[in-house]
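*Asks:* Sequence and computational prediction follow.
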Protein chains: 4
Amino acid sequence: MKAFVMRQLHQVGFVEKPIPKAGPNDAIVKTTRALICTSDSHTVHGAIGPRSNLTLGHEAVGIVHEVGSGVRRFKPGDRVLVGAITPDWSDPASQAGHASQSGGALGGWKFANIKDGVFAEYFHVNDADGNMALIPDGISDESAVYCADMLSTGFMGAENADIPIGGSVAVFALGPVGLMAIVGAKLRGAGLIIGVDSVPKRQELGRFYGANAIVDYSRADPVKEILRLTADQGVDAAIEALGADETFQCAVKVTKPGGTISNVGYHGKGDFVQIPRLEWGVGMAEKTIRTGLCPGGRLRMERLLRLLQTGSVDPTRMTTHTFGFDQLEKAFEMMDKKLDGIIKPLITF
Amino acid sequence: MKAFVMRQLHQVGFVEKPIPKAGPNDAIVKTTRALICTSDSHTVHGAIGPRSNLTLGHEAVGIVHEVGSGVRRFKPGDRVLVGAITPDWSDPASQAGHASQSGGALGGWKFANIKDGVFAEYFHVNDADGNMALIPDGISDESAVYCADMLSTGFMGAENADIPIGGSVAVFALGPVGLMAIVGAKLRGAGLIIGVDSVPKRQELGRFYGANAIVDYSRADPVKEILRLTADQGVDAAIEALGADETFQCAVKVTKPGGTISNVGYHGKGDFVQIPRLEWGVGMAEKTIRTGLCPGGRLRMERLLRLLQTGSVDPTRMTTHTFGFDQLEKAFEMMDKKLDGIIKPLITF
Amino acid sequence: MKAFVMRQLHQVGFVEKPIPKAGPNDAIVKTTRALICTSDSHTVHGAIGPRSNLTLGHEAVGIVHEVGSGVRRFKPGDRVLVGAITPDWSDPASQAGHASQSGGALGGWKFANIKDGVFAEYFHVNDADGNMALIPDGISDESAVYCADMLSTGFMGAENADIPIGGSVAVFALGPVGLMAIVGAKLRGAGLIIGVDSVPKRQELGRFYGANAIVDYSRADPVKEILRLTADQGVDAAIEALGADETFQCAVKVTKPGGTISNVGYHGKGDFVQIPRLEWGVGMAEKTIRTGLCPGGRLRMERLLRLLQTGSVDPTRMTTHTFGFDQLEKAFEMMDKKLDGIIKPLITF
Amino acid sequence: MKAFVMRQLHQVGFVEKPIPKAGPNDAIVKTTRALICTSDSHTVHGAIGPRSNLTLGHEAVGIVHEVGSGVRRFKPGDRVLVGAITPDWSDPASQAGHASQSGGALGGWKFANIKDGVFAEYFHVNDADGNMALIPDGISDESAVYCADMLSTGFMGAENADIPIGGSVAVFALGPVGLMAIVGAKLRGAGLIIGVDSVPKRQELGRFYGANAIVDYSRADPVKEILRLTADQGVDAAIEALGADETFQCAVKVTKPGGTISNVGYHGKGDFVQIPRLEWGVGMAEKTIRTGLCPGGRLRMERLLRLLQTGSVDPTRMTTHTFGFDQLEKAFEMMDKKLDGIIKPLITF
C-alpha cells in the first residue's frame, strides 16, 4: 500500500509499505478521510526527534478491514472513527484517569510517533474495542474526522479550564484547536468568551463558533484588553491554544485569583515555560495550571459524535481546503507554511 | 406598605405592614417585578408549617431604597436582582461550600420562610453585599427576575448532575425548573437531552429550550422509552424536577451505572422517598444521588445575568401571564390550581 | 484440580475441575491464601440467582502458573495479588472512571459470579496486566490477601464519603469492611470517627483501628447518640457498611446538610431502600448518597500494598480463624452462621 | 497598649498604640500566645512593600475582650483561636470557594498586611463569627496556636496535592510548613512520603511527623534520588514548601504524568518562576500546578482543633524556643537569621 511518510528530519514523501496485520485485540482500518494537523509539521521538524520512513497523520476515519480474534464490538465493513490518541486502557496511568499518559508521558499518542500513522491506505489500531467508535448514519466522514483530535483536544481545553456556568473565558489563538476550545467553553456554559487572534479569517470563525468578543493582540495589549472587558476582574479561566511562552504568560496574567489556566498548546521551544511571578500571586493566588493531551477512547468518540448528531457543532466550517491522498505532498507543504489562509486541509482517499 | 401574605394555613390576602429597616449589613429594596413560584403554594398549604401574616414570595427585582452602614457595594437607586436564597456567608455551612444550608438544613432560604418575602412594596435583604447583584443596562426586569430562582435552581439541577460533554440526560417534569434544567444541561454540553412531560405546552417549551427528545409518560412507560432512546444503556444523568416518589424511582432506573440522579424537586409527601433496590445495583452500582437548594449570592446572580446579556437563554418565554401587584390574589389562585396552562406568572409593581 | 463450589442454591462442596487455560491477555494463578467473604454466603443463598458448580471465592493471592502471549508484566513464578474485581479496562464504563461497572452494573465482579472463583488450586485472571500486582518482599501472603477486597472496599467507603481533613464520620457496622472503612476514614484525615456496633469484639477492633467513639445501638438510639457526640450538628459523612434499610436510614439522619452518605453494604432484601424524607431535607439538604463496588486493578492493588509496606494498617488482626483448603466446608459453615465470633477466616492452600 | 511593629523597611521595634475598637461584626482579642513566622521576616524585608509602624504577626490565640453588636457566637472571656487569614466571607471570591483571595489576590491576608497584626496586647478580628473558633478544654494555647497558619497551610499543601490513598508524595523543604505538609500527606493516606532537606534536625522532625524516606539534596541530586525511590515512576504529588525557583523545578521533574505539583512556598524573587519544559511534557503531560494561601475561617479552625483533640498531630514538637512578649525583638532576630537551629519560636504574653 501507499503511505505518506517522514523520510527523515524535514523531509516527507510517499513510500510503499505492506498492509499492517491485526494482533488479537487490534483492527486494520481502510482510510477514507483524514486531516493534516500542525503537529504533523512539528513532528517532521524534529519535535519528537529523528524518524525514518514513519507514516504521518493521526486524524482519520475509515472502514474496518480486519479485526483480531479478541475484538468483540467491530467487524469488517464497519464505518469507524479512531481517536488520535489510542491508550493502553489497562495501564496504571489509565486506571488513574490519565489514559493519554499510559505507558509514560504522552504515551497514549501512538500514531506517527511510536508507530505508523494514518496517512496510508490502511492503518493499524491497537485495542480496537477501546479505541474506535462506530459512526452513526447521517454523520459524514468529513465531519466525523474532526472528532479524532480537534474536538477532543479543544473541548478538553475547556473541560480542564473548569468553567462555571456563566463564567468568563479567554482563548488564546484561534487555530482549529482554539476554535474548538471556544465551542467547548460554550458547551460548558461560559457567559463570556473572549477570543484572541490577529488573523481576520480566524477572528471571523471565532465569532461564528461562539466568541462574544475578539481581542486582536496586534492592535492592543491583550492583557489590558481582557482586563478591560472583565471590569478589571480577569477571567475565570484562560485557555492557551498556541504553545508560546509569551501567550502562556498572558494567560496567567488575565486569570483571576482562584481561576484556571488550561494549557492546550504544544510548547516546542526553550528550556523553560515561564510563570510571571507577581501575577501568579507569588505562588499563592490559587491560580491552577492544567495541561492535557487529547483524550481518546471509544466513550469519548461516541460522545463527540453525539454532538455532531444533534447539530451542536459543525466543524466542517474549518475545512478551508480539500485534497486527494496523492496530493498530500502539496497539502502538507501548504499546512507547513500556512499558505493561502489554510486552517484545516481535508484529505480524501 | 401593602404586603401579600399567608394569613394562616390555606389562606392568603393583603395586609398593611411598615416598611422594613436595614441593619448594618442589610438593604431595603423597592420591588418592581416578581414571580410566583409553586413553592409559594406549598408554603400556603403547610410545607413549612403554620405561619401568621407572613409575606409570601422569593423571586423579585427592584430598586435599592436604603442600605445599612456597612454596605459597600450598593446605594439607593441601584437596580438590583436578589437571589431567592440569601445565605449567611460566614456560616460554617457556607464555608464548606453549602451556603444554601447556612444556619441549618435549607437555612439559606429566608424569604417567606423565616422572614417576610418579596410580595410587598418593599422587602428586606440580609447581607446585601453578598446577596444582591446589579442588573446591567440592557437586561429587562422581566428577564432578570428569572435568575433569582428559576435559572439558579434549574441550572443547579444540571450542575449537580455532573454531565460530561456529549453525555445523555433525562429531565423529569417540564415545569419552569425542569425547563431551566434542560437549558442547564445544554449549557453543560449534553449531547442528548430527553424531556419527560405529558402537557403539550410544556413539551413544546422543552423542545424550544433544547430537548432533543420528549417522552410523554401518559402514553408510554418512561423508563422503557428512555432505555430505548439510549440503546439500553440508560442516561449519564437524570434530573428529577417534580418531587414525586414515582418520578424519583424512574430517575434511578434510567440512570446508567456510574451515573448521577440529581434531585431538584421538593418532596412533600410520605415518610420516605424510595430507591428501587435492584436498579440501584443493590447499593453498589455507583449511581450517585445528589440534591440541592437554589444557589444564591452575588457571584451566582452576576453569572446568570451574564448569560442573559449574551442571549444564551431567554426565560421570558415561560411568562404565560402578567398581573399587577393588586391582582396577586387572582394570580396566586391561578398558580395554585395551575389554571389556563399557566407556567409562570409575572407580577408588576 | 480441586475446587470448592456452590453446587446449587444453599449447597456447597468440593468438585474436580480441569486447570483453566490462559487466553492471550490472561493469567492462571496457583492459589496460596484466600479469605472467605460474607458475599460468598450471599451468593450461595441466592443473591445472584441459581448457579451450578460455580467455584466460590474472590479474595486470594498466589503464584503465577501461566500467562497468555500478550501479558507483558508478569511471568510464571511471580507472587501476585489479584483484585476481587477484575474489570475490562477498555470498556466505556472503565473509561468513564467506573471500572467496577464495566460490562454493565457490577460487571467488573467476575470471580464466583460470571466465572469460577478463587477457592480452587488454580484460578483464571482476565487482563492480567491490568488486574494483578506483584507482592513486594516483606509483605506476607496472609496480609496481602486482605487488599483484594477488604481494604479496597473499606477504603472506598471512606473515599466516597469525601471526608475533609478534621471532619467527622460515622461508620455503621464493624464487620471487616466497616473496620477497614474506619482505617480509610483515618487515612483521609478524619478528626472524629464514630463506630456503630453491638458486638464487643468488633467494638474492640473498631477502637484498635482508629474509632474515637463507639456507639452500641443495642443500648441507645444511635441517631441520638451520634447527634449528641457532634453537638447536634451531625457528621460530615456516614458510611453504611451493613446493607440494611434501617441502618441506611440512620446514616441519612445523622449526616449534616451538605454531607455525604457512603453506602458500602450489599442491600439484599425488599423492593426499596428508603430515604427518610424529612431528614433528607425534603430533597434539598444537599446530602449526597454515593455507592460503590470494590475498586480493582493493578494500580489500586499496588497502592494498597504500599500501605502494608509502611505499616499504616495491619489487617491480620481481623483473622480470627485459619483453615486448610480441605477444611473449607467447615470454614464456610462457620462464616455463614457467624459462629464463634468469627470475623475473617483465612484459608491456606 | 504595646505593639511590636515594622517601623519601616528592615527595622522593627515596640511602639504604643491604642487598644483597637470592634465594629458591628468584629471582635477584639487579648493575646495570650503567638508564633513568629518566616513571613514576618519577608514582610520586614519588603515582600509587601514599605510599611510604617505596622504591627507584625498573624499566628495567635487569646481571650475575647470585646465583640461588636452583630457578633452572635462569641462573648468576652471566650478562649479563641483566630485564623492567620481572615476572609470577607460574602465576597465573590469566597462564594467561589477561594476565600483567601477575597477582595483580590491574597486579600484574605489582613494581619500585618492591610491592618495591624497580632504581636500586640490586643488585636482586632474582622467578621468574628466567621473567623474565630473556640478552643476546647484540654487543648493548650501552645498547641492551638499552631492551627492558625502552620497546620492550615501545611495541610492545604497536601489537600491541593490531591493525594490518592496509598499514593506517593515528595515534600520539598522541611520547615514548619513542610513538616505539617508531611502530616497532611499522612492524613490524606499517602503510602510513601519522601521529605527533602539537608538540616539534620529538620530531617529528624520529618521522620517524626511521618516521612518514610528523607532525601538530603546536599548529598545527592534530589530528582535522581526520588526517581530511584519510586522505581523511576516519579511521585503522584510534589509539595513545594520553600518558595525557590530551583525547588519548584525539581517538584515538576519528580511528578509523574497525571500528577500534581502543590506549591505552598512564597516565591519572593525574580520576574518568573520557571517550569522545565520537557519534564512538564511540553505542556501535555497532565501535570497540574496548584497554589494556595492558608485557609482561614471558623470551620477550618474547628476541624484542625479536632485533630489536636484526638492526638492525630502534636505540633509543639516544632517549638524550639520560647520567649516573653517583651523579648520579641531578640526572638525576631533569631528567626530572621535562623540562629541556633530555630524552627518555631513561641511568644507568651
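*Replies:* Structure received.
*Asks:* What lies in contact with the helix or strand hosting A:Val12?
*Replies:* In the assignment (DSSP states H and E), A:Val12 maps to strand A:11-16. By C-beta atoms under 8 Å, 6 or more residues apart in numbering or on different chains, the surrounding residues in contact with strand A:11-16 are A:1-7, A:44, A:53, A:56, A:326, A:328-329, A:332. Using the backbone N, CA and C atoms, a C-beta is placed for each residue, glycine as well.
*Asks:* Can you point out the buried residues in it?
*Replies:* Of the residues in strand A:11-16, A:Val12, A:Phe14 count as buried by neighbour count, 16 or more other C-beta atoms under 10 Å in any protein chain shown.
*Asks:* give the contact list for A:Ala120.
*Replies:* Residues touching A:Ala120, when contacts are defined by C-beta under 8 Å, 6+ apart, comprise A:Met1, A:Lys2, A:Ala3, A:Phe4, A:Lys17, A:Thr31, A:Thr55, A:Gly57.
*Asks:* Same question for A:Thr247.
*Replies:* Contacts of A:Thr247 were listed using C-beta under 8 Å, 6+ apart, and they are A:Phe172, A:Ala173, A:Glu240, A:Gly265.
*Asks:* Also near chain D: which of the residues you listed, exactly?
*Replies:* When C-beta under 8 Å from any C-beta of the partner chain is taken as the criterion, the members of the contacts of A:Thr247 that contact chain D are A:Glu240, A:Gly265.
*Asks:* what's the first-to-last distance across stretch A:86-96?
*Replies:* Length of stretch A:86-96, first residue to last, C-alpha to C-alpha, to the nearest Å: 16 Å.
*Asks:* chain center to it, what's the gap?
*Replies:* How far stretch A:86-96 lies from its chain's middle: 20 Å, per C-alpha atoms, centre = their mean, to the nearest Å.
*Asks:* And for that stretch, what's in contact with it?
*Replies:* In this structure, residues lying in contact with stretch A:86-96 by C-beta under 8 Å, 6+ apart are A:99-104, A:107-108, A:110-111, A:125-127, A:130-131, A:296-297, C:89-90, C:94-95, C:99, C:127, C:129-131, C:297-300, C:302, D:164, D:257-258.
*Asks:* Try it again at 6 Å.
*Replies:* For stretch A:86-96, the surrounding residues in contact (C-beta atoms under 6 Å, 6 or more residues apart in numbering or on different chains) are A:99, A:101-103, A:108, A:110, A:126, A:130-131, A:296, C:89-90, C:127, C:129-130, C:297-299, D:258.
*Asks:* Inside strands: which ones of those residues?
*Replies:* Judged by DSSP state E, strands contain the following of the contacts of stretch A:86-96: D:Gly258.
*Asks:* Do you have the strands of the stretch 1-150 of chain A handy? List them.
*Replies:* Using DSSP state E, counting those that start in this stretch, the strands of the stretch 1-150 of chain A run over A:2-8, A:11-16, A:27-35, A:54-55, A:59-67, A:79-82, A:122-125, A:132-134.
*Asks:* What's the end-to-end length of stretch A:142-161?
*Replies:* Distances were taken as C-alpha to C-alpha; on that basis the terminal residues of stretch A:142-161 are 28 Å apart.
*Asks:* Out of the contacts of strand A:11-16, which comes closest to chain B?
*Replies:* Using C-beta to the nearest C-beta, A:Leu56 is the member of those that sits closest to chain B, with 28.2 Å.
*Asks:* So what's the residue count around the closest one?
*Replies:* The criterion is other C-beta atoms under 10 Å in any protein chain shown. On that basis, A:Leu56 has 27 neighbouring residues.
*Asks:* Equivalent analysis for A:Ala220, please.
*Replies:* 12.
*Asks:* Next one: it relative to chain D, how far apart?
*Replies:* Distance, A:Ala220 to chain D, by C-beta to the nearest C-beta, to the nearest Å: 23 Å.
*Asks:* any idea which helix or strand carries that residue?
*Replies:* No secondary structure element spans A:Ala220, as it lies outside all helices and strands (assigned by DSSP H and E).
*Asks:* before we move on, what about A:Ile194?
*Replies:* Per DSSP H and E, A:Ile194 falls inside strand A:192-196.
*Asks:* Residues contacting that strand, please?
*Replies:* Judged by C-beta under 6 Å, 6+ apart, the contacts made with strand A:192-196 from elsewhere in the structure are A:168-172, A:174, A:182, A:185, A:206, A:210-215, A:217, A:222, A:226, A:229, B:306.
*Asks:* Strands - which of those land there?
*Replies:* Taking DSSP E as the definition of strands, these contribute A:Ser168, A:Val169, A:Ala170, A:Val171, A:Phe172, A:Ala213, A:Ile214, A:Val215.
*Asks:* quick one: contacts for the first one?
*Replies:* Looking back up the chat, that one is A:Ser168. Neighbouring residues of A:Ser168 by C-beta under 6 Å, 6+ apart: A:Leu192, A:Thr230, A:Val235, A:Asp236.
*Asks:* ranking those by neighbours, who comes first?
*Replies:* If you count neighbours using other C-beta under 10 Å, the busiest of these is A:Val235, which has 28 neighbours.
*Asks:* Pretty sure that one sits against A:Phe172.
*Replies:* No: using C-beta atoms under 6 Å, A:Val235 is not in contact with A:Phe172, being 10.9 Å away.
*Asks:* what's the burial count for the closest residue in space to A:Asp197 that isn't next to it in sequence?
*Replies:* Nearest non-adjacent residue to A:Asp197, counting by C-beta to C-beta, 6 or more residues apart in numbering or on different chains: A:Leu174, 4.0 Å away. Applying the criterion other C-beta under 10 Å, we find 29 residues in the vicinity of A:Leu174.
*Asks:* Can you name the residues of chain A that neighbour chain D?
*Replies:* Those residues of chain A that sit near chain D, judged by C-beta under 6 Å from any C-beta of the partner chain, are A:93, A:96, A:98, A:101, A:105-106, A:257-258, A:263, A:265-267, A:270, A:272-275, A:277, A:281-286, A:288-293.
*Asks:* Could you pick out the buried ones from those?
*Replies:* Among those, the ones that count as buried by 16+ other C-beta under 10 Å are A:93, A:96, A:98, A:101, A:105-106, A:257-258, A:263, A:265-267, A:272-275, A:277, A:281-286, A:288-293.
*Asks:* Show me those residues that map onto helices.
*Replies:* For those, membership in helices holds for A:Ala93, with DSSP state H as the criterion.
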